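Enquirer: any chance you can model this:
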Amino acid sequence: MLMSVNDLVFLFEILSERQVPEFIAGAKAAKISQIDIGHNMAIKILEDLKMVDIYRLNNKMRKRFTILLEELEENTRLTQPGEKHHLLKELEEELHKQNFKSADEIQEFMNARNLSINSRPQKDLGGLTPIQLQDLFRRGWWESGGPIKLSSDIKQAEASAVPIVNNVSLILRSIVNRSNRKGLKATSNGKLPRSVVNDVIPFLADTENHDNFHIKSGRKSFNEDDIYCLFLQRNIAESAGLLELRDNYWQVTAKGMGMIEPASASTLLVTVFSSMFHDFNLAFIDSYGAEPFMQGTIPYSLWQIANLPVGSEYTLSELAELVVHPEYLRQRANPAFQGAKMTFAHGVAASRLFRPLCWAGWLTPIFGKSIFDIERFRITAMPKQIFRTPDLPKPIRSEA
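Expert: As a prediction, this is how the structure comes out:
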């Protein structure tokens, strides 16, 4: 369980009879922002804090204390008991062997230790060093010189068949064909009009079958938000700068006009892929909550998936355990909902990672007895075609 070092120091100072543990003091001296305290330690701290008389604190301290107490209670409820994080155990063991005489010695020790750790490949990070991982998160493919390169060097026909490329192309062409000089009039709540929806749904590429089942139900007309993947992918196209709503009129932008023809399908694929996993807020897809840690670690998951064998198949849980950041898997190991067989982390991965990757042609869903029941995901050749990390190693992992 990650907690702010400053918050931990604050809480231990309130527990006036308790000295701030050396590893927390060392982390503060080394200017480390967060550490993993583990479930068991969190429970112990929580028990002690509940004994504190908050009325001896001033108003500012009391407010901060109350907020931290609520956060600690929520996090201990969501996480599972288990062993302390191995990196924390290593740090504690090393600190016990030291005999520091000053804060300067603590900081010197922590600086040297952190430099060593940050430059060393970590099995827990798939063989990346912490420095490589941070560069993956900080620069990705969206900054010049970042460790990820997105390539549009694929056949246009192949790109055109990708579900999100098919659907976004249909939306753009329909808007252009139906626009006057101001654009195409939106609905009163800013959605696509039914005319566009009607243009798209006969040719809609629906990777989960829910929308197509709904379309074939016999209903005569549909609004945009009745068709789940259409609604979400229009929002992704908007975040990619391909269309915009101006004065309640939909307009295809100059950027969008440049990608409307089949000859630009590969460029469109890379554009919507880039925006979907960097600019677009994936929390918009479902009701799991914000989960910024999951969104922030997407580049790590994409690197993992891009290095899986083409044609290999995995269940949801197998794929999640292979590619989702291990810290997120640990933090969200609680059930996705009451009675659920999958964990919260697996549920979020299915919704915000595997679903968009099916849209982007990276994964092919394999259905079971029900047309809605995805039993496995098959890795396609698409990741190796558009996603390149020339300076990163191949992942180290144990296959599920």
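
Enquirer: can you spell out which helices and strands pack onto the helix or strand hosting Glu327?
Expert: In the assignment (DSSP states H and E), Glu327 maps to helix 326-331. Applying 3 or more Cβ pairs under 8 Å, 6 or more residues apart in numbering; DSSP states H and E, one finds that helix 326-331 makes contact with helix 292-296, helix 344-349. Placement of C-beta: from N, CA and C, glycine included.

Enquirer: okay, helices next: where are they in the stretch 301-400 of the chain?
Expert: Secondary structure of the stretch 301-400 of the chain (DSSP state H, counting those that start in this stretch): helices located at 316-323, 326-331, 344-349, 355-359, 382-386.

Enquirer: in the chain, which helix or strand is least confident?
Expert: In the chain, no helix or strand scores lower on mean pLDDT, DSSP states H and E than strand 34-36, which sits at a mean of 65.

Enquirer: please save the CA atoms from the following helix or strand past that one in CSV.
Expert: Under the assignment DSSP H and E, the closest C-terminal helix or strand after strand 34-36 is helix 39-49. Extracted as CSV, the C-alpha positions of helix 39-49 are listed here (Å, rounded to 0.1, in the frame of the first residue of the first chain):
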residue,chain,number,x,y,z
HIS,A,39,-1.2,-4.3,4.6
ASN,A,40,-0.1,-5.5,8.0
MET,A,41,1.7,-2.3,9.0
ALA,A,42,-1.3,-0.2,7.7
ILE,A,43,-3.6,-2.2,10.0
LYS,A,44,-1.3,-1.7,13.0
ILE,A,45,-1.0,2.1,12.3
LEU,A,46,-4.8,2.3,11.9
GLU,A,47,-5.4,0.6,15.3
ASP,A,48,-3.1,3.0,17.0
LEU,A,49,-4.5,6.1,15.3
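
Enquirer: quick check: buried residues in helix 39-49?
Expert: Buried residues in helix 39-49, defined by neighbour count with 16 or more other Cβ atoms under 10 Å: His39, Met41, Ala42, Ile45, Leu49.

Enquirer: for the last one, give its distance to Ile201.
Expert: It refers to Leu49. Distance, Leu49 to Ile201, by Cβ to Cβ, to the nearest Å: 55 Å.

Enquirer: could you tell me the least trusted of the helices and strands packed on helix 326-331?
Expert: Ranked by mean pLDDT, these bottom out at helix 292-296, with a mean of 90.

Enquirer: before we move on, the earlier item: any chance of the helices of the stretch 301-400 of the chain in a markdown table, plus mean neighbour count and distance to Val176?
Expert: Shown next, in a markdown table, are the helices of the stretch 301-400 of the chain (neighbours: other Cβ atoms under 10 Å; distance: least, Cβ to Cβ, whole Å):
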| stretch | mean neighbour count | distance to Val176 |
| --- | --- | --- |
| helix 316-323 | 21 | 38 |
| helix 326-331 | 19 | 41 |
| helix 344-349 | 24 | 36 |
| helix 355-359 | 24 | 22 |
| helix 382-386 | 21 | 26 |
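
Enquirer: could you give the number of residues near the nearest residue to Ile54 once chain neighbours are set aside?
Expert: Leaving aside its sequence neighbours, Ile54 sits nearest to Arg62 (Cβ to Cβ, 6 or more residues apart in numbering; 5.2 Å). Arg62 is flanked by 13 other residues according to other Cβ atoms under 10 Å.

Enquirer: just the angle between the helix or strand harbouring Arg62 and helix 39-49, please?
Expert: Assigned by DSSP H and E, Arg62 belongs to helix 59-78. Relative orientation of helix 59-78 versus helix 39-49 (axes from the mean of the first three to the mean of the last three Cα atoms, to 10 degrees): 140 degrees.

Enquirer: please enumerate the strands of the stretch 151-300 of the chain.
Expert: 184-185, 243-246, 249-252 (DSSP state E, counting those that start in this stretch).

Enquirer: return the most buried member of those.
Expert: For the strands of the stretch 151-300 of the chain, average neighbour numbers computed from mean count of other Cβ atoms under 10 Å are highest in strand 249-252, which has a mean of 21.

Enquirer: now that strand, how far from the centre of its chain.
Expert: 30 Å (Cα atoms, centre = their mean, to the nearest Å).

Enquirer: okay, and for this structure, where does confidence drop off?
Expert: Applying pLDDT under 70 to the chain picks out residues 1-2, 16-19, 22-23, 26-40, 75-88, 398-400.

Enquirer: now do the contacts for the residue lying farthest from the centre of it.
Expert: Most distant residue from the mean C-alpha position of the chain: Lys101, 43.1 Å away (Cα atoms, centre = their mean). For Lys101, no contacting residues are found, by Cβ atoms under 8 Å, 6 or more residues apart in numbering.

Enquirer: in which helix or strand does it reside?
Expert: Going by DSSP H and E, Lys101 is not in any helix or strand.

Enquirer: ok, now how distant is it from Glu108?
Expert: Relative to Glu108, and taking Cβ to Cβ, Lys101 is found at 11 Å.

Enquirer: ok, back up a step: next, format the strands of the stretch 151-300 of the chain as TSV and append distance to Ile24.
Expert: Shown next, in TSV, are the strands of the stretch 151-300 of the chain (distance: least, Cβ to Cβ, whole Å):
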stretch	distance to Ile24
strand 184-185	58
strand 243-246	49
strand 249-252	54
